[in-house]
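In: Have a look at this fold, sequence not included:
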């Protein structure tokens, strides 16, 4: 891995054992990891995706925004030019990508970032996928697709080439002005049980009207159509919009990248340059063709794929999915089997070519110029695991809410994190808190739970999406592109530093320690690709099987840890002492999720694994066949024979279990008992809102446990049978540590209020113990009812006051539902509050801050809003400030187009303090 020259020392690999246990020279031991936790490096701080909206940037505003980000605890920026959003651009001109004026702004940013101790990444071009107006001819993306119709003979059929090309045109949202060409015409039967080559038809490509002779009978007429430049860059801005690059062409890829390196990089001499060059979402909309594809297929797969193309290809719809309802040959029997296997070979060949010609080329180009590559390497065209192994900083994405995924992390996160683990990388980047549904209504509490879930999926570094380049003179709320509204105009911005400090310490710890996993999961990718084709990550349209992406969650919720693996990884692994080893990764158990298809070499490697003491679990189905078309009969027999032989030889190490039902956490708990899988963490009652990961370092066993519920307080008894030493609670908000407060043997009582998380560190070293401040026990307390004065300071500058007898949710009252700003709840405390020492605000939607008399007690931005009150608080004025979000206000103002476009379709969101407010 190559580091960008001139950057601050950047820890990509863990501290050495010597670093972890240093001696001050005065007889006291220094804890290197805890030192790092207390004062983490800038590389661990969250970065932001800095939307350069429309490239309408000026030097003074760029530097002002860098100051804002520095003050907020941000460690770096990703320069990301993007199409200008719905807003008033105030007649500020756009600076085209790679123009002298644009380059000057990049130089201003790099110099300003260096002066402030910040790090810069930059995207190539603008928007996604890579592309630009300057791409011509075959440099543009290629799609081989079909048009098909039913024809009847005997006789001649006349067809206009324009009609064929119109029918073949992809139904995508980002269509380019492509050039279409009919490559081949053929006839195939309406139905086919045994595969036969189609009847290829001669035709003159120069003719606008084609006359085709059709034999007696009914047929499907297929036209294979190649479209060059069929897709445009999504949200591209000046200079980097236009056609998408052909990612299957190495020469075109290098030519495109070199335009940036030849134009921009020489101008940056003398400046501390970028850490990494970024490649955003690979939404290639079904691109599948490149130079020499047929020859490459024949070389790699051993046969000619052309006879199968009419049946493999399809009319392309959104995100590269097949359009339903087209007239095609109905396959059955051997023909369906052969075509499905050829489809698998076609898909694998595409994945291999794009990995070699684009991903590996891209990383080599980045490294050649002294930068790291950072890529979201997933989509229909990419192997979800292998693709990220070629990247210096692989990246995934986590959303605050998306209808396609039930959790904040996307299904691809675990693939990306596993790829990083398997390839020895410590930094797993994440486009975090992406949002297009609740942009202005996301609370800091929600952001925390989203980011915690991201870490549970394997992420170690956050790139917050997004921070908008937006002058203060732009009308409120400013220029807003995608993502959560990270902006100084956000009501909760004064508290954001508390979140970034928390996130920084957690990231520093995760980057510096070794992630632990004892189980590997093999997905049925070969089966899925053969039957259904690849799915569009990060939001696959099909989960195969339906519980596919919930299995890893159930494993972690039951006290084990896991990585995803692949057949290639399994074949390259070695087995020692009952564990499958690949690099530093070791697994005592392999789980195959309804896998029916394996390469013969994989079946042999699994047999060797169980022979040497490993444990193998088949879920639902067992392997019995091989992938691909060539020699498949022989290979099928070999796989079935190997699996049958190892099952007979090792009945106590190979298990077949039923697939999970609705309660998948309980299902894996049963699997643990049935198959003898011992957890490293024993959890009495697994809860779907609680999960954990385990990290290890010299002399330390580290557990991160998180409650993702915003409403439920969860208390669990958890034992740690493998962990040695004293359990400590490391506080990622403050950098402090305390002996764990509730310990009985190897069992801890873990109390997690809503949105809370804990870092539990078992340490074998001798450390001075500082007691954790006492917390109130379970008690009914004294409820403070009625008599509240509520003052409402709206962010629009208005203010009003009302008396409140019962606390209420502002969204439920038509007179308050559009409020955004600061709420002040005031009442005088009773003269005698003994024996109470705590104030519990109950449910709060927003950030709370409490003052008793003249004494400020601090604030809470997530979880339990619990405050220690002074002994002399009786009879004093209690003031509770609650800072709300601003989405409800923008939803109520349709005239504000910049805000209303994001809030129009969302629900009214809860706001304010709901209580009950109690003295404890």
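Out: Okay, I see it. All of these numbers come straight from a predicted model, not from anything done at the bench. Residues are numbered from 1 along each chain as shown.
In: In this structure, where is pLDDT below threshold?
Out: 1-29, 777-779 (pLDDT under 70).
In: which residue ends up closest to the midpoint of it in space?
Out: Of all residues in the chain, the one closest to the mean position by CA atoms, centre = their mean is residue 397, 2.0 Å from it.
In: quick one, phi psi at that residue?
Out: Note on residue 397: backbone dihedrals following degrees, to the nearest 10 are phi -150, psi 150.
In: Pretty sure it sits against residue 433.
Out: No - using CB atoms under 8 Å, residue 397 is not in contact with residue 433, being 9.7 Å away. Quick note: C-beta positions are derived from backbone N, CA and C, even for glycine.
In: coming back round to it: is the closest residue to the residue nearest to the centre of the chain other than its chain neighbours part of a helix or strand, or is it coil?
Out: Spatial nearest neighbour of residue 397, excluding adjacent residues (CB to CB, 6 or more residues apart in numbering): residue 431 at 4.1 Å. In three-state terms, and counting by DSSP: H, G, I helix; E, B strand; the rest coil, residue 431 is strand.
In: Now for the residue nearest to the centre of the chain: which residues touch it?
Out: 376, 410, 412-413, 430-432, 434, 538 (CB atoms under 8 Å, 6 or more residues apart in numbering).
In: Check the gap between the nearest residue to residue 260 once chain neighbours are set aside and residue 374 for me.
Out: Excluding the flanking residues, the one nearest residue 260 by CB to CB, 6+ apart is residue 124, at 5.8 Å. As for residue 124, its distance to residue 374 is 11 Å (criterion: CB to CB, to the nearest Å).
In: Return every residue with contacts to both of the two.
Out: With contacts taken as CB under 8 Å, 6+ apart, residue 124 and residue 374 have 277-279 as neighbours in common.
In: Now flag whichever of these is closest to residue 703.
Out: residue 278 (32.0 Å; CB to CB).
In: Just list whatever residues bridge to the closest one.
Out: Following DSSP bridges, residue 278 is listed with bridge partners residue 123, residue 374.
In: was I right about it contacting residue 126?
Out: No - counting by CB under 8 Å, residue 278 stays clear of residue 126, with 11.6 Å between them.
In: all strands for the stretch 151-300 of the chain, in order.
Out: With strands called from DSSP state E, counting those that start in this stretch, the stretch 151-300 of the chain shows them at 179-189, 191-192, 199-201, 209-228, 276-279.
In: Now do the helices in the stretch 551-700 of the chain.
Out: 551-557, 567-572, 600-611, 632-649, 664-675 (DSSP state H, counting those that start in this stretch).
In: how about the longest one: buried residues?
Out: In this case it means helix 632-649. 635-636, 638-640, 642-643, 646-647 (16 or more other CB atoms under 10 Å).
In: now it and helix 600-611, what's the angle there?
Out: Angle of helix 632-649 versus helix 600-611, following axes from the mean of the first three to the mean of the last three CA atoms, to 10 degrees, is 0 degrees.
In: Show me how far helix 632-649 is from its chain's centre.
Out: Distance, stretch centre to chain centre, for helix 632-649: 37 Å (CA atoms, centre = their mean, to the nearest Å).
In: Now do that helix: which elements does it pack against?
Out: The helices and strands touching helix 632-649, judged by 3 or more CB pairs under 8 Å, 6 or more residues apart in numbering; DSSP states H and E, are helix 600-611.
In: which residues touch the helix it packs on?
Out: In contact with helix 600-611 (CB under 8 Å, 6+ apart) are residues 567, 570-571, 573, 575, 580, 590, 598, 616, 623, 626, 635, 638-639, 642-643, 645-646, 649-650, 653-654.
In: could you redo the last one with a cut-off of 7 Å?
Out: 567, 570-571, 573, 575, 580, 590, 616, 623, 626, 635, 638-639, 642-643, 646, 650, 653-654 (CB atoms under 7 Å, 6 or more residues apart in numbering).
In: buried stuff in it?
Out: Those would be 600-610, for helix 600-611 by 16+ other CB under 10 Å.
In: I'd guessed residue 837 sits against residue 870; true?
Out: No - using CB atoms under 7 Å, residue 837 is not in contact with residue 870; the gap is 8.8 Å.
In: ok, the two, which is more surrounded?
Out: residue 837 (16 against 12; other CB atoms under 10 Å).
In: about what we covered before: of the strands of the stretch 151-300 of the chain, flag the one that's most buried.
Out: strand 276-279 (a mean of 26; mean count of other CB atoms under 10 Å).
In: got the helices of the stretch 551-700 of the chain as CSV, with distance to residue 727 columns?
Out: Listed next are the helices of the stretch 551-700 of the chain as CSV, based on distance: least, CB to CB, whole Å:
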stretch, distance to residue 727
helix 551-557, 19
helix 567-572, 34
helix 600-611, 34
helix 632-649, 41
helix 664-675, 23
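In: Can you say which of those is nearest to residue 520?
Out: Checked against CB to CB, the stretch from these lying closest is helix 567-572, at 8.0 Å.
In: Pull the distance from that closest one to the chain's centre.
Out: 25 Å.
In: residues of it that come out buried?
Out: For helix 567-572, by 16+ other CB under 10 Å, it's 567, 569-570.
In: what pairs with residue 822 across the strands?
Out: Counting by DSSP bridges, residue 822 is bridged to residue 793, residue 883.
In: Which residues are in contact with it?
Out: 793, 881, 883.
In: Double-check the last one against residue 491; I have them as touching.
Out: Yes - under the criterion of CB under 7 Å, residue 883 makes contact with residue 491 at 5.2 Å.
In: who's more crowded, the two?
Out: residue 883 (25 against 20).
In: measure the more buried one to residue 652 for me?
Out: In terms of CB to CB, residue 883 sits 60 Å off from residue 652.
In: Need the residues that contact the helix or strand encompassing residue 901.
Out: Using DSSP states H and E, residue 901 sits within helix 897-903. If you take CB under 7 Å, 6+ apart as the criterion, helix 897-903 is touched by 86-87, 439-440, 477, 480, 887, 890-891, 893-894.
In: try it again with 6 Å
Out: 86-87, 439, 477, 480, 887, 890-891, 894 (CB atoms under 6 Å, 6 or more residues apart in numbering).
In: From the residues you listed, list the buried ones, please.
Out: 87, 439, 477, 480, 887, 890-891.
In: Tabulate those residues in CSV, adding columns for secondary structure.
Out: Shown next, in CSV, are the buried ones among the contacts of helix 897-903 (three-state DSSP):
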residue, secondary structure
87, coil
439, coil
477, coil
480, coil
887, helix
890, helix
891, helix
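In: For the residue nearest to residue 397, name its beta-bridge partners.
Out: For residue 431, the beta-bridge partners under DSSP bridges are residue 397, residue 463.
In: I'd like to know which elements the longest helix belonging to the chain is packed against.
Out: In the chain, taking DSSP state H as the definition, the longest helix is helix 333-354. Applying 3 or more CB pairs under 6 Å, 6 or more residues apart in numbering; DSSP states H and E, one finds that helix 333-354 contacts helix 293-301, helix 309-312, helix 525-531.
In: so can I have TSV of the ones you listed showing mean neighbour count?
Out: Converted to TSV, these look like this (neighbours: other CB atoms under 10 Å):
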stretch	mean neighbour count
helix 293-301	15
helix 309-312	22
helix 525-531	22
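In: Quick one: those as JSON lines, columns for distance to residue 102 too.
Out: Supplementary listing: the helices and strands packed on helix 333-354 in JSON lines, determined by distance: least, CB to CB, whole Å:
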{"stretch": "helix 293-301", "distance to residue 102": "36"}
{"stretch": "helix 309-312", "distance to residue 102": "43"}
{"stretch": "helix 525-531", "distance to residue 102": "42"}
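In: My guess is residue 320 contacts residue 283. True?
Out: No - with contact defined as CB atoms under 6 Å, residue 320 does not count as touching residue 283 (8.2 Å).
In: List the buried residues in the helix holding residue 901.
Out: Buried-residue list, helix 897-903, by 16+ other CB under 10 Å: 898-899, 901-903.
In: Kindly reformat these as JSON lines containing distance to residue 740.
Out: Shown next, in JSON lines, are the buried residues of helix 897-903 (distance: CB to CB, whole Å):
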{"residue": "898", "distance to residue 740": "48"}
{"residue": "899", "distance to residue 740": "46"}
{"residue": "901", "distance to residue 740": "48"}
{"residue": "902", "distance to residue 740": "43"}
{"residue": "903", "distance to residue 740": "43"}
